[in-house]
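>>> What follows is a predicted structure for the sequence shown.
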Amino acid sequence: MAEFLTLAEAGRRIASRDLSPVELLQDCLARVDAVDDKLNSFVTLTRERALSEAKAAEAEIMAGRYRGPMHGIPYNLKDIFETKGIRTTAQSKQLADYVPAADCDAQEKLAAAGGVLLGKSATWEFAHGGPSWDVLFPPCRNPWDLNKDPAGSSSGSGASVAAGMVLATMGSDTGGSIRGPAAANGIAGLKPTYGRVSRRGVLPNCFSHDHAGPLAWTVEDVAILMNLVAGFDPKDPACADVPVPDYTAALTGEVKGLVIGVPYGWLENDHPPSAPTRAALDAALDVFKGLGATIRPVALPPLQDYEDCKKIIAIAELFSIHAKQLRETPELFGASLRWRIIAGGLLRAESYVQAMRQRNVLAAAMQAAMRDVDVMMLPSGEPAKELKPQPPESLFTKRSYTTAFNVGGNPALSLCMGFDETGMPFSLQIVGKLFDEATVLRAGDAYERATTWRAKRPALVA
Amino acid sequence: MNDAPTPAELEVLAKQAGLDKLPAEYKAELLSAYTHLTAMLARLPHARPYADEPAHVFVPTTFAREG
């Protein structure tokens, strides 16, 4: 197969007319044709449209109208991002025939930047319940090992980037749904600050915790995408009117003097990682120390407090979104999502409001903990496990390292931190202060430059 | 709060939520999920200062642009 290119590399070559957008698209389509019947990362492939867009990009560039680093780059969108004229299903039988009349904000921006939309990527049902075998499409698999879970809910986004079928994608993250798939598939994914990227036209999971954000092979690519999708949108009521810096300009490769906080209380008491994951984290921290950063502990409220707060809010909002369908056509939901929605109807308004009050307390505590550090670092999770149905109660019983940062609203990046003895990726999570994605991306990019992990692709496509 | 509701209590709760017409197998899901939910609710702090506002207060500037 053709060589793998990052978004940045492909953009530079397209800009210098050393690479044709049509050739790049054909390389991506060759990988789709070769492996996606095993991976199931696409639920809708827009082959003809993509070819048309790639030809148009090529003609524009040859005519001297180069738009920037996304011009002629193939990408996909998680299938909860509404796309005008293209089916948007949320992986659910409830929306099997839904064709939006308008594009979401992200699609408007990526299309305006000259991107080539190759299709819609697999998700968990409505970005929440999964993995499922009883919904509209089969679950996506992990390109590093087809028997392993690519994590969710932006499963197809993560897998398709890792397999080189697209160079960029957009996902959503309500409790870890960008960072989990980025981690499981060994790529980079950023949950921006709440309100940094518009969610207009993204089907909701839990309004108060939903974030839209980019995934790509490298942190540099994520920064390029953030330059395109970040910014105020008055049509998203949660979107923040805050200046957006140039994220690629922040990638200096320098982290000397950076102060890194590590929540050792979570890692040693609340939710200890496996020994290999802890060793991988310690090795990553050593890399940062070698680059001139310093490490210090940070103290946060108990992890369980964040989990409970988010999940109580989520179940109430989920029910409010899906109540009509739950009452009228419950059989069209997969069992996993239905189980996760259903008890929301029994939640009292008092509990929802109390959880919303608790959110402010926990979010404030997180900002206070970060006052004396530049970023926080911890794993995103464990390497991917076997892909199999999860007990529905795992929603309530499972702890994660990601959900707390949806409660706090802080930007959080997941990137590859090496590989375990079975070849599955480890993942590092870098958390920043509110609206300081630039420092998070700078740290992640410096780590990628200092390590060799980006040189390895899944054997399935290598 | 961790005690599972009786079938009669669950029927009342389900009716209030508009879920009383659900098929029987989904009622079992409802009971199972509700039991886990109550465990989380029991851990949620309820004693708060009077002025402790929730995270979804109304933000009028969001709508000022509409006028």
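Alright, I've got the coordinates.
>>> from the middle of its chain, how far away would whichever helix in chain A runs longest be?
Of all the elements of type helix in chain A, the one with the most residues (DSSP state H) is helix A:303-328. Relative to its parent chain, helix A:303-328 has a centroid offset of 21 Å by CA atoms, centre = their mean, to the nearest Å.
>>> which secondary structure elements does the helix or strand hosting residue A:295 contact?
Assigning secondary structure by DSSP states H and E places residue A:295 in strand A:294-297. Secondary-structure packing of strand A:294-297 (3 or more CB pairs under 8 Å, 6 or more residues apart in numbering or on different chains; DSSP states H and E): strand A:259-262, helix A:275-290. The way it works is simple: take the backbone N, C-alpha and C, and place the C-beta from them, glycine included.
>>> Can you add mean pLDDT, distance to residue A:4 and mean neighbour count and give these back as a markdown table?
Converted to a markdown table, those look like this (pLDDT from 0 to 100; distance: least, CB to CB, whole Å; neighbours: other CB atoms under 10 Å in any protein chain shown):
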| stretch | mean pLDDT | distance to residue A:4 | mean neighbour count |
| --- | --- | --- | --- |
| strand A:259-262 | 98 | 30 | 18 |
| helix A:275-290 | 98 | 23 | 16 |
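>>> Might you report the residue contacts of residue 61?
Assuming you mean chain A. Neighbouring residues of residue A:61 by CB atoms under 8 Å, 6 or more residues apart in numbering or on different chains: A:14, A:15, A:17, A:21, A:71, A:72.
>>> Leaving out chain neighbours, which residue sits closest to the third one?
Right, the one you point to is residue A:17. Among residues not flanking residue A:17 along the chain, residue A:61 sits closest, at 6.8 Å (CB to CB, 6 or more residues apart in numbering or on different chains).
>>> Give me the phi and psi angles of the closest residue in space to residue A:397 that isn't next to it in sequence.
With CB to CB, 6+ apart as the measure, residue B:36 is the residue that lies nearest to residue A:397, at 7.2 Å, once sequence neighbours are left out. Note on residue B:36: its backbone torsions stand at phi -70, psi -40 [degrees, to the nearest 10].
>>> and chain B, which residues reach chain A?
B:13-14, B:16-19, B:21-23, B:26, B:29-30, B:32-34, B:36-37, B:39-41, B:43-46, B:48, B:52-56, B:59, B:62, B:65 (CB under 8 Å from any CB of the partner chain).
>>> Check which helix or strand the spatially most central residue of chain B maps to.
Nearest to the mean C-alpha position of chain B, by CA atoms, centre = their mean, lies residue B:37 at 8.3 Å. Taking DSSP H and E as the criterion, residue B:37 maps to helix B:24-43.
>>> I'd like the average pLDDT over that helix.
In this model, helix B:24-43 has a mean pLDDT of 92.
>>> Helix A:303-328 and that one, what's the angle between them?
With axes from the mean of the first three to the mean of the last three CA atoms, to 10 degrees as the basis, helix B:24-43 and helix A:303-328 are set at 150 degrees to each other.
>>> packing partners for helix B:24-43?
Under the contact rule (3+ CB pairs under 8 Å, 6+ apart), helix B:24-43 is packed against helix A:303-328, helix A:335-342, helix A:394-397, helix B:7-16.
>>> can you dump the C-alpha coordinates of it into PDB?
Provided in PDB are the C-alpha atoms of helix B:24-43 (Å, rounded to 0.1, in the frame of the first residue of the first chain):
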ATOM      1  CA  ALA B  24     -42.600  -6.600  30.700                       C
ATOM      2  CA  GLU B  25     -39.000  -7.300  29.800                       C
ATOM      3  CA  TYR B  26     -38.200  -3.600  29.700                       C
ATOM      4  CA  LYS B  27     -39.800  -3.200  33.200                       C
ATOM      5  CA  ALA B  28     -37.100  -5.600  34.400                       C
ATOM      6  CA  GLU B  29     -34.500  -3.400  32.800                       C
ATOM      7  CA  LEU B  30     -36.100  -0.400  34.500                       C
ATOM      8  CA  LEU B  31     -35.900  -2.000  37.900                       C
ATOM      9  CA  SER B  32     -32.300  -3.100  37.400                       C
ATOM     10  CA  ALA B  33     -31.200   0.300  36.200                       C
ATOM     11  CA  TYR B  34     -33.100   2.100  38.900                       C
ATOM     12  CA  THR B  35     -31.400   0.100  41.600                       C
ATOM     13  CA  HIS B  36     -28.000   1.200  40.300                       C
ATOM     14  CA  LEU B  37     -29.200   4.800  40.000                       C
ATOM     15  CA  THR B  38     -30.300   4.900  43.600                       C
ATOM     16  CA  ALA B  39     -26.900   3.800  44.800                       C
ATOM     17  CA  MET B  40     -25.400   6.800  43.000                       C
ATOM     18  CA  LEU B  41     -28.100   9.200  44.300                       C
ATOM     19  CA  ALA B  42     -27.300   8.000  47.900                       C
ATOM     20  CA  ARG B  43     -23.800   9.200  47.500                       C
END
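>>> check contacts around the residue nearest to the centre of chain B.
Counted by CB under 8 Å, 6+ apart, residue B:37 has contacts A:312, A:315, A:343, A:346, A:347, A:396.
>>> related to what we said a few turns ago, what is the nearest of the contacts of residue A:61 to chain B?
residue A:71 (31.8 Å; CB to the nearest CB).
>>> Neighbours of residue B:51, how many?
Around residue B:51 there are 5 other residues, counting by other CB atoms under 10 Å in any protein chain shown.
>>> So which bits of the stretch 251-400 of chain A are right by chain B?
Checking the stretch 251-400 of chain A against chain B by CB under 8 Å from any CB, the hits are A:304-305, A:308-309, A:311-312, A:315, A:319, A:323, A:326-327, A:330, A:335, A:338-340, A:342-343, A:345-347, A:351, A:353-361, A:363, A:392-393, A:395-397.
>>> Might you enumerate the residues of the stretch 101-250 of chain A proximal to chain B?
A:208, A:234, A:237.
>>> Select only the buried ones of those residues in ChimeraX?
A single ChimeraX command selects the buried members of these (16 or more other CB atoms under 10 Å in any protein chain shown):
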select /A:208
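>>> Closest one to residue A:84 out of the residues of the stretch 101-250 of chain A next to chain B, please.
residue A:234 (20.0 Å; CB to CB).
>>> where's the closest one relative to residue A:105, distance?
Distance of residue A:234 to residue A:105, given as CB to CB, to the nearest Å: 11 Å.
>>> what's the answer for residue B:26, then?
Relative to residue A:105, and taking CB to CB, residue B:26 is found at 36 Å.
>>> Thanks a lot, catch you later.
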